[in-house]
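>>> return atomic coordinates for the entry below.
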Amino acid sequence: MDSRLNPFQDKMEKTLNNLEEEYVGIRAGRANPHILDKLRVDYYGTPSPIQSVANVSVPEPRMIQIQPWEASMVKEIEKAINCSDIGINPTNDGKLIRLVFPELTEERRKDLAKDIKKKGEEAKVAVRNIRRDAIDSIKKTGKEEGISEDEIKGLEDDAQKLTDKFVAKVDAAVDAKCKEILTV
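Numbering: from 1, shown residues only. Here you go, the predicted structure:
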């Protein structure tokens, strides 16, 4: 692989990593503490991740338990969860917050699978846009530096192979997450 394609390969890897991070937040009927990763609570005026102000544990397969280190944070954490789009209502006993995940219905599983596939398609479009940018860059620098047509064509082929590789990785991530969601 030509070193001139490295910046574009890095962008494709970031796209794949972003997709995988999004998939971590999609629940599969089991409790996953990573669903809280993007939530922020107001901790003395500073937006902070829940994990930095509380102990997050999974005592049962379908329950997340959040134990704030300061009792005053219970309401803030509960508010952050209620305002989020995770779709779980927290129960608060004054010291602990519990998130109980219901079993996913067949219909909900299919909706999640559709959403997973949609995000996968968006990632593939992003990868293809990166390929287009790479090819445009190759053509532009090729003309400026006087690179031969054959070398330009070879670089374009390498960009296509790189794109195919990352599209296959996106497809594998989509298939794995769909399988996880649809498994009862």
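
>>> CA atoms for contacts and neighbours, from now on please.
Noted.

>>> for the host helix or strand of Ile152, packing partners?
Take DSSP states H and E as the rule and Ile152 turns out to sit in helix 149-182. Applying 3 or more CA pairs under 8 Å, 6 or more residues apart in numbering; DSSP states H and E, we find helix 149-182 packed against helix 6-24, helix 106-145.

>>> show residues contacting the first one.
This means helix 6-24. Applying CA atoms under 8 Å, 6 or more residues apart in numbering, the contact partners of helix 6-24 are 34-35, 116, 119-120, 123, 126-127, 130-131, 134, 162, 166, 169-170, 173, 177.

>>> if we can go back for a sec, how about TSV for the helices and strands packed on helix 149-182, with distance to Pro47, mean pLDDT and mean neighbour count added?
Output for the helices and strands packed on helix 149-182, formatted as TSV (distance: least, CA to CA, whole Å; pLDDT from 0 to 100; neighbours: other CA atoms under 10 Å):
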stretch	distance to Pro47	mean pLDDT	mean neighbour count
helix 6-24	20	90	17
helix 106-145	27	91	17
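
>>> turn those into TSV, including distance to Asn92.
TSV is the format used below for those (distance: least, CA to CA, whole Å):
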stretch	distance to Asn92
helix 6-24	25
helix 106-145	26
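
>>> the ones you listed: which one's closest to Ala71?
Of all the helices and strands packed on helix 149-182, helix 6-24 sits nearest to Ala71, with 28.7 Å by CA to CA.

>>> distance from that closest one to the middle of the chain?
Averaged C-alpha coordinates place helix 6-24 at 9 Å from its chain's average position (CA atoms, centre = their mean, to the nearest Å).

>>> just the angle for that helix relative to helix 106-145, thanks.
With axes from the mean of the first three to the mean of the last three CA atoms, to 10 degrees defining the directions, helix 6-24 sits at 170 degrees from helix 106-145.

>>> tilt between helix 6-24 and helix 149-182?
Counting by the same axes, to 10 degrees, helix 6-24 points 10 degrees away from the direction of helix 149-182.

>>> pairing partners for whichever helix or strand comes after helix 6-24, with directions?
Per DSSP H and E, the first helix or strand lying C-terminal to helix 6-24 is strand 40-43. Applying DSSP bridges, strand 40-43 is found paired with strand 46-49 (antiparallel).

>>> so what's Glu78 closest to, chain neighbours aside?
Nearest residue to Glu78 in three dimensions, chain neighbours excluded: Pro90, at 6.4 Å (CA to CA, 6 or more residues apart in numbering).

>>> that neighbour and Ser84 touch, don't they?
No. Assessed by CA atoms under 8 Å, Pro90 is found out of contact with Ser84, at 11.3 Å.

>>> dig out what the residue nearest to Ile77 when sequence neighbours are not counted forms beta bridges with.
In space, and not counting its chain neighbours, Ile77 is closest to Val41: 5.9 Å by CA to CA, 6+ apart. For Val41, the beta-bridge partners are Ser48 (DSSP bridges).

>>> who's in contact with Val41?
Contacts of Val41 by CA under 8 Å, 6+ apart are Pro47, Ser48, Pro49, Ile50, Glu76, Ile77, Ala80.
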